[in-house]
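Asker: only geometry, no sequence info:
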Ligand code: SF4
């Protein structure tokens, strides 16, 4: 399908907005835009990080999801208590596929769900006693845990429990850190504030634990910030960094540990993958410890090579050489992947709607395969994310912020891409429309997609989705108008 | 008064960050930028303006400061 012109895209937005009542239309219009690379500031064309409209289907999560699910959850040797009713934790349990090594239930706890399971009486009389009891129970049953975080669900803020006091007291009793996190779901407009709150909790309760403690450092110490090891992403990234001669001290937070977090202030450079969820702590470390941070992108060979060189530029010649060696070593492998898949995927179009970093970071990977991204949008981005996106997207492509279920469906119907990259809630809607979808949150039970190894898997998965014959057979034969007509003509 | 953070990038340009609202922007002009007098009225790329009490230039960046909002964008 040929790309739309600017006017056509604008007309498309107007057409989709037509169904809304006047007020909703005015509000939603601000969140939809036609990309223009000439625009310096995204806020001139698109509004973001605003409350979703009541009555529309939004795809956002809550602050608790941002803190427990994203930032804290993957820290494997801590027990994260979902403090409040059982559902918030249970329905989101282990859904993010943050891989880790360890024996679950003994020294690692990533896929388990711990909750205080609030009942009516806890709401009425307060849940502090229950929390204190829970802390002791955790210590008794799982003595190898390294610390606890208390992730507040909505009711905690509403009934005014003092989780900080309970945590401090409990920490003294068990002799391990307990971190209270005020990430009640009602705070903020999306999971984004949960990331911020979680970062602040790390700053206040964890980061300075080893200040002044001895540490054998090398000039090549770095940390990976904002990689959640989905399907093994952080591992695929880590080996590249190590191969070029760097020492990865910590992983935040996929397959990460409390000790790694505490050691992060000793590194020389923070490598930030997901800017949205962890820029806060990077900024803090830059100010307090003088550690610079660098955003990088490990999707697709072009961006990986760019990023490796940018990272190496912070170090001496040995690392720079190392980076070149890594790039040279993997390039033939990448060329083979591209040679295999580009002829099958070249010219295909894809529309994205994800969160965090992916709506802009994966564009390069698709382009490496000769594909074109015709629309992209974030669930919970802020202005600075769109600033970074505008340059990555082609002119006259579609941008949508906090898109509603209806809008996304209409856009997809009109733009008719060959592939949609979004989440589980969107998957079956589009597949029933005959358009393949790859889940770009959890990599559709595949992965990793980061790094050179990840790109090979990414290319295979995209090909598997797009080239599958299934989607051409979704229309039953008697509804295939054109073909029957052709048959008649032929007869 | 708001808590802000001022950064200096590799090229020496200042940038502004307002944690409360996750607002990141370039500082296009600063009233005083000499070693012993630094701060004053700063203008942001988005049209906003803030006032930092003039002071000796901070020894290192980034630095968190209190600033008064003179003119908010939007
Ligand atoms: S909004 Fe509140 S009740 Fe709902 S999942 Fe989030 S924390 Fe739980």
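Answerer: Received the coordinates, thanks. Quantities reported herein were computed from a predicted structural model and do not represent experimental measurements.

Asker: how near is the closest residue to residue A:118 other than its chain neighbours to residue A:428?
Answerer: Spatially, and ignoring its direct neighbours in sequence, residue A:118 is nearest to residue A:85 (4.7 Å; CB to CB, 6 or more residues apart in numbering or on different chains). Backbone N, C-alpha and C define where each C-beta goes, glycine included. According to CB to CB, to the nearest Å, residue A:85 stands 28 Å off from residue A:428.

Asker: so if I had to pick from the two, which one is more boxed in?
Answerer: Using other CB atoms under 10 Å in any protein chain shown as the criterion, residue A:85 and residue A:428 rank with residue A:85 on top: 18 against 10.

Asker: isn't there a helix covering the more buried one?
Answerer: No. Secondary structure of residue A:85 (DSSP: H, G, I helix; E, B strand; the rest coil): coil, not part of a helix.

Asker: can you list phi and psi of the residue nearest to residue A:118 for me?
Answerer: Reported as degrees, to the nearest 10, the phi and psi values for residue A:85 are phi -60, psi 160.

Asker: give the contact list for residue A:139.
Answerer: A:145, A:174, A:176 (CB atoms under 8 Å, 6 or more residues apart in numbering or on different chains).

Asker: before we move on, what SS does it have?
Answerer: Residue A:139 ends up helix, using three-state DSSP.

Asker: thinking again about what came up before, looking at the residue nearest to residue A:118 now. What's its pLDDT?
Answerer: pLDDT for residue A:85: 96.

Asker: any idea how far chain B is from it?
Answerer: 29 Å (CB to the nearest CB, to the nearest Å).

Asker: same check, this time on residue A:402
Answerer: For residue A:402, the distance to chain B - CB to the nearest CB - is 15 Å.

Asker: wait, a strand at residue B:15?
Answerer: Yes. Assignment of residue B:15 by three-state DSSP places it within a strand.

Asker: near the ligand, which residues of chain A show up?
Answerer: Residues of chain A found near the ligand (CB under 6 Å from any ligand atom) are A:62, A:64, A:88, A:153-154, A:185.

Asker: including secondary structure and neighbour count, could these go into JSON lines?
Answerer: JSON lines is the format used below for the residues of chain A next to the ligand (DSSP: H, G, I helix; E, B strand; the rest coil; neighbours: other CB atoms under 10 Å in any protein chain shown):
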{"residue": "A:62", "secondary structure": "coil", "neighbour count": "23"}
{"residue": "A:64", "secondary structure": "helix", "neighbour count": "29"}
{"residue": "A:88", "secondary structure": "helix", "neighbour count": "24"}
{"residue": "A:153", "secondary structure": "coil", "neighbour count": "26"}
{"residue": "A:154", "secondary structure": "helix", "neighbour count": "17"}
{"residue": "A:185", "secondary structure": "coil", "neighbour count": "23"}
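
Asker: could you export those residues as CSV, including pLDDT and distance to residue B:48?
Answerer: Shown next, in CSV, are the residues of chain A next to the ligand (pLDDT from 0 to 100; distance: CB to CB, whole Å):
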residue, pLDDT, distance to residue B:48
A:62, 94, 30
A:64, 96, 32
A:88, 95, 37
A:153, 96, 36
A:154, 95, 34
A:185, 94, 31
